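K.L.:
next comes the sequence, and after it the predicted model I'd like to discuss.
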Amino acid sequence: MCGITGYLSKNNNLSHDHLSHAIESMTQSLAHRGPDNRGVWVDANDQISLGHSRLAIIDLSVTGQQPMVSSSGKLVITYNGEIYNTNELRDELTQLGHQFRGHSDTEVILEACQAWGVAGTASKLIGMFVFAVWNKEKKELSLVRDRLGIKPIYWSHPGKSFLFGSELKALRLINECPVQIDRDALSLYMRHNYIPAPYTIYKNVQKLEPGSILTFSSVDGIKMQQYWSLEQVVYNTTSDRQQHANLTDTLNGLEDLLSDAVSRRMVSDVPLGAFLSGGIDSSLVTALMQSNSDTPIKTFSIGFHEHDYDEAVYAKKVATHLGTNHTELYVTPEDALNVVPSLAYMYDEPFSDSSQIPTFLISKLTREHVTVALSGDGGDEVFAGYNRYFLTQKIQRLLKMMPAFSKELFAKLIMSVPPSKWTALFSVLPASMKLPQTGDKLHKLARLITLEEEELYHELISHWSDAESLVLGSKEPHKKYIKNNLALTDAEKMQYIDTLTYLPDDILTKVDRASMSVSLEVRVPLLDHRVLEFAWGMNENMKIRNKSGKWILKEILKKHIPPELTNRPKMGFGVPIDSWLRGPLKTWAEDLLNYNSIREQDYLNADMVKHKWEEHISGKRNWQYHLWDVLMFQSWLNEWHKP
């Protein structure tokens, strides 16, 4: 895995040395993504410079170094990612007369662009990637991002210049880069705990959306095109689901495809292993890796002494059954808390999925032993694993039974009683029937029952539902994702939106920044686009049965691991932020949530923040997620925008 950068200047008089210094600084800022080698390519005549920070995985020799010039001399590439059908593409290109100096996938992409064009090449690739190709003849730059957004890329077009980089910190080093905080994007962040593409925390800086190609030239400006569309995939596959109607054929077909996806991701010139939590997804990936290996593979897990957050005991049982070479580390609260000060720099813009902490810790442990790790990320989105999918089904069934007037009446009745009183009222129930934060859940239900389908989804996943009230001077952007031509069930609609938003902008962002901060490459076989397309062609009952998701993955996993080893309630990969904020993080949090400071900064409603903090500290309410959103923003401000 690597870091890439680029700078096209609007100033036709910049010297070679000036351009070289600028791109070297940008590339150096991404050294953690690629510590093995740094390279730059500069053309002062065209006022363009490209940079590359390399983590060497395939072809460790100099023939794999970047930026790389094509054999024709017409194209230059800087690339981040891994292509898993490299050998097939190389054979195809060789038959067309292309010759290769080494065996890197970089050279294959470059020659493929020469043969088939950028869009034609992107559509042929199996893998995770972002690459930039400069066409010397056309004076044209193309930026390409993989189909599901596994790898990141930021870009900006201030004036006539154009900047891009794998992380935002690289762009900040160029004076022309806009750094005005976008309050509208900030309101999106407070709702989601991440900033969805194409937005970033800054106005006029964007993320390239998955499956997209951006083409820039000084003559034509910016043009966008999609070479892959989830909407089109879903439309094509759901219109003819009989292709996977036979259960036996579907099971065998999916297992073969998953095994192929895993085996392709085991090709490496450096040591590799796997993250193992003991859940369905990571256990299946690990089992398929072991079945494709003649020797015990290396697996890694971390544990917490707090029982509610500990998955290591389950991972160890799976590892023992499969016979892997397993390493586990039980981390203390101090270990986890020591990560907190580095999060703002690591994530570059506000990001507050608290599982960023254990994700960093497992990446750090793994990197001490291997350079590449396979992960089970993506299984929940592709095979319907999240509990909210089933909650939505229950709510929708309830709504269809209720007349409109009764919905509003029921909602008003619930909202008329404060959450704390509802919680106290239900406290008389037996322990087995109690729900934590009953009052909060009832109030959320009251808000949900009056909403339309897509609004219902956004409310379910929201942190700050009133984000515009929290972020001063903001107007939260809204986008409709579900088109009328998509005939989807309630659960499938949520899967669809999650795959477009939550997956790339939360899950994959979290994994990318945490792993790259320690120079670890993480590969995600369940997000092979062929697996996703196959899964969307299945009937829903092959994913969801008995109010539980990932049914077909569980059936495949049974062939490798006894069900009792993985059959347990779904656990999040989290840490006890709620109690930490009342304990070891209290002083740190109080400093960041200082009422006067927040008022002076003039970004957030200080009274709303103060109210949440006081209720949380008193134990009256649990506002851990809302407060973590604010704390990560305040920490980010301190890191990147000190007065």
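P.N.:
All right, it came through fine. Numbers count the residues shown, from 1 in each chain.

K.L.:
just checking, Asn85 touches Ile126?
P.N.:
Yes - with contact defined as CB atoms under 8 Å, Asn85 counts as touching Ile126 (4.3 Å). (Each C-beta comes from the backbone N, C-alpha and C, glycine too.)

K.L.:
what residues are shared contacts of those two?
P.N.:
With contacts defined as CB atoms under 8 Å, 6 or more residues apart in numbering, the residues adjacent to both Asn85 and Ile126 are Arg264.

K.L.:
show me which of these two is the more surrounded one.
P.N.:
Ile126 (21 against 15; other CB atoms under 10 Å).

K.L.:
and that one, what does it touch?
P.N.:
83-85, 264, 528-530.

K.L.:
so of those, which ones are in helices?
P.N.:
Counting by DSSP state H, the part of those found in helices is 264, 529-530.

K.L.:
can I assume Asp348 is in contact with Glu167?
P.N.:
Yes - the pair Asp348 and Glu167 passes the contact test of CB under 8 Å, sitting 5.1 Å apart.

K.L.:
overlap of the contact sets of these two?
P.N.:
Taking CB under 8 Å, 6+ apart as the contact definition, Asp348 and Glu167 share the neighbouring residues Arg513.

K.L.:
buried members of the contacts of Ile126 into ChimeraX, please.
P.N.:
Here the buried members of the contacts of Ile126 are turned into a ChimeraX selection, burial being counted by 16 or more other CB atoms under 10 Å:
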select :83,84,264,528,529
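
K.L.:
now the contacts of Ile126 as JSON lines including pLDDT and distance to Gln66?
P.N.:
Converted to JSON lines, the contacts of Ile126 look like this (pLDDT from 0 to 100; distance: CB to CB, whole Å):
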{"residue": "Ile83", "pLDDT": "97", "distance to Gln66": "14"}
{"residue": "Tyr84", "pLDDT": "97", "distance to Gln66": "19"}
{"residue": "Asn85", "pLDDT": "97", "distance to Gln66": "20"}
{"residue": "Arg264", "pLDDT": "97", "distance to Gln66": "22"}
{"residue": "Asp528", "pLDDT": "98", "distance to Gln66": "24"}
{"residue": "His529", "pLDDT": "98", "distance to Gln66": "24"}
{"residue": "Arg530", "pLDDT": "97", "distance to Gln66": "27"}
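
K.L.:
and Val370, how far from Lys298?
P.N.:
When distance is defined by CB to CB, to the nearest Å, Val370 is 6 Å away from Lys298.

K.L.:
overlap in contacts of the two?
P.N.:
271-273.

K.L.:
give me the residues contacting the helix ranked longest in the chain.
P.N.:
Secondary structure assigned by DSSP H gives helix 105-124 as the longest helix of the chain. Taking CB under 8 Å, 6+ apart as the criterion, the residues outside helix 105-124 that touch it are 58, 63-64, 66, 68, 70-72, 74-75, 77, 79, 82-83, 85-86, 89-90, 93, 96, 98, 100-101, 125, 127, 129, 131, 133, 142, 144, 213, 215, 225, 227-228.

K.L.:
from those residues, which land in helices?
P.N.:
Those of the contacts of helix 105-124 mapping onto helices are 86, 89-90, 93, per DSSP H.

K.L.:
what's the closest of these to Tyr235?
P.N.:
When those are compared for distance to Tyr235, the smallest value, 27.8 Å, is given by Leu89; criterion: CB to CB.

K.L.:
which non-adjacent residue is nearest that closest one?
P.N.:
Nearest non-adjacent residue to Leu89, counting by CB to CB, 6 or more residues apart in numbering: Val108, 5.2 Å away.

K.L.:
can you pull out the strands in the stretch 151-300 of the chain?
P.N.:
Taking DSSP state E, counting those that start in this stretch as the criterion, the stretch 151-300 of the chain carries its strands at 154-156, 162-165, 205-207, 212-217, 221-226, 272-275, 298-304.

K.L.:
I'd like those strands as JSON lines, with mean neighbour count appended.
P.N.:
Formatted as JSON lines, the entries for those read as follows, by neighbours: other CB atoms under 10 Å:
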{"stretch": "strand 154-156", "mean neighbour count": "23"}
{"stretch": "strand 162-165", "mean neighbour count": "26"}
{"stretch": "strand 205-207", "mean neighbour count": "22"}
{"stretch": "strand 212-217", "mean neighbour count": "20"}
{"stretch": "strand 221-226", "mean neighbour count": "13"}
{"stretch": "strand 272-275", "mean neighbour count": "26"}
{"stretch": "strand 298-304", "mean neighbour count": "24"}
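
K.L.:
as CSV, those with distance to Val285 and mean pLDDT would be great.
P.N.:
Shown next, in CSV, are these (distance: least, CB to CB, whole Å; pLDDT from 0 to 100):
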stretch, distance to Val285, mean pLDDT
strand 154-156, 29, 98
strand 162-165, 30, 97
strand 205-207, 27, 98
strand 212-217, 28, 96
strand 221-226, 29, 96
strand 272-275, 6, 96
strand 298-304, 10, 92
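
K.L.:
out of those strands, which is closest to Glu555?
P.N.:
Using CB to CB as the measure, strand 272-275 is the one of the strands of the stretch 151-300 of the chain that comes nearest Glu555, at 21.1 Å.

K.L.:
the residue most central in space within the chain and Val524, how far apart?
P.N.:
For the chain, the residue whose C-alpha lies nearest the mean C-alpha position (CA atoms, centre = their mean) is Leu508; its distance is 1.9 Å. As judged by CB to CB, Leu508 and Val524 stand 8 Å apart.

K.L.:
what's the overlap in contacts for the two?
P.N.:
Common contacts of Leu508 and Val524 (CB under 8 Å, 6+ apart): 150, 377.

K.L.:
ok, back up a step: burial measure for the closest residue to the residue nearest to the centre of the chain other than its chain neighbours, as a count.
P.N.:
Nearest in space to Leu508, with sequence neighbours left out and distances taken as CB to CB, 6+ apart, is Ile150 at 5.4 Å. The number of residues packed near Ile150 is 27, by other CB under 10 Å.

K.L.:
contact partners for Ile150?
P.N.:
Shown in contact with Ile150 (CB under 8 Å, 6+ apart): 81, 128-129, 504, 508, 512, 524, 527.

K.L.:
got TSV for those, with pLDDT and distance to Pro584 too?
P.N.:
TSV is the format used below for the contacts of Ile150 (pLDDT from 0 to 100; distance: CB to CB, whole Å):
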residue	pLDDT	distance to Pro584
Gly81	95	38
Met128	97	36
Phe129	97	40
Pro504	98	33
Leu508	98	30
Asp512	97	28
Val524	98	33
Leu527	98	36
